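# Structure of the sequence below:
(one chain, ligands or ions: 1)
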Amino acid sequence: MNELIENGPKSMVIGILALQGAFAEHQVMLQKLGLQVEICVNLVRSVQDLQTCDALVIPGGESTTIALLAKLSGLLDPLREFLRTKPVWGSCAGAILMSRNVTNAKKGGQDLLGGLSVTTTRNGWGSQIESFEVPLVVQSLSQPDRPFQGVFIRAPVVFSVDLTPEDPPLQIIARVPVQLLPDAQHLVLQNQNLADPLNPRTIVAFRQGNHLFTSFHPELTKDDRFHTYFVQECVIPSLVTGRSSLIR
Ligand SMILES: NC(=O)CC[C@H](N)C(=O)O
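Okay, here's the model as predicted:
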């Protein structure tokens, strides 16, 4: 991947959907990454803002509110189109918005952007008081022996993986260590066979194509390895491929 950085793009524009939620924290982290590629961070509040971006981060917050504000800003369809062609990372509420389906939505339902072949359950680990932190083992990050502190705040649960034959494969990046969960989470998910290592409900981070899903909040830690992962593994390859397909 370092080769890609050396021979690849010298700069990129990463947008952060800044309608509601933890966008400022993502901004601070992306601006401090210190990679060999210049990252220009653009807060996205309009279609014009979105058009300048090579990639997008959709932060945590409240997915119903973000969807409503996106609708009012005329951003829903442009965001869906963006997801079809460019890398997007959704954390928590952002991850819900990128899901194909959602359960436990607020009364009246909510608009989704789709893009990822999963159904998520809003607040699937319980309510605000059942928010929790747990160390995650993430082999795909740099220094894989150093656990990544997962911050789960009214986080969604991956209810099911709904891959169709046309969908890109889903690469699981992290599962929650069930044995380390506080008791309340066991109660919320009891009888759901969380001990089964293949249970989709234990998936907390995955990649599909150049998109990244984290049901937790890397931007609320001091650890920038997920931000680095997104830039190096999702954004740079998409820029290199885009460029070479233009050349061809
Ligand atoms: N921390 C978060 O982003 C919480 C997500 C929130 N439960 C929602 O439905 O959007």
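# which parts of this structure sit against the ligand?
With CB under 6 Å from any ligand atom as the criterion, the chain meets the ligand at residues Gly60, Gly61, Glu62, Ser63, Cys92, Ala93, Ile96, Arg122, Asn123, Ile153, Arg154. Just so you know, the C-beta spots here come from the backbone N, C-alpha and C atoms, and that holds for glycine as well.
# switch to 5 Å and redo it
Contacts of the chain with the ligand, taken as CB under 5 Å from any ligand atom, map to Gly60, Glu62, Ser63, Cys92, Ala93, Arg122, Asn123, Ile153, Arg154.
# okay if I get these as CSV plus secondary structure?
Shown next, in CSV, are the residues of the chain next to the ligand (DSSP: H, G, I helix; E, B strand; the rest coil):
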residue, secondary structure
Gly60, coil
Glu62, coil
Ser63, helix
Cys92, coil
Ala93, helix
Arg122, coil
Asn123, coil
Ile153, coil
Arg154, coil
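# I'd like these laid out as JSON lines, including neighbour count and pLDDT.
What follows is those, written out as JSON lines (neighbours: other CB atoms under 10 Å; pLDDT from 0 to 100):
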{"residue": "Gly60", "neighbour count": "31", "pLDDT": "96"}
{"residue": "Glu62", "neighbour count": "18", "pLDDT": "96"}
{"residue": "Ser63", "neighbour count": "30", "pLDDT": "97"}
{"residue": "Cys92", "neighbour count": "29", "pLDDT": "97"}
{"residue": "Ala93", "neighbour count": "29", "pLDDT": "98"}
{"residue": "Arg122", "neighbour count": "21", "pLDDT": "94"}
{"residue": "Asn123", "neighbour count": "18", "pLDDT": "91"}
{"residue": "Ile153", "neighbour count": "19", "pLDDT": "95"}
{"residue": "Arg154", "neighbour count": "18", "pLDDT": "93"}
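# out of those, who's nearest Val137?
Proximity of those to Val137 (CB to CB) peaks at Cys92, which lies at 19.8 Å.
# So the closest one is in contact with Phe213, correct?
No. The pair Cys92 / Phe213 is not scored as a contact, 9.9 Å apart, by CB atoms under 8 Å.
# Quick test: name the residue nearest the centre of the chain.
Nearest residue to the geometric centre of the chain (CA atoms, centre = their mean): Gly90, 2.6 Å.
# Sweet, I'm off.
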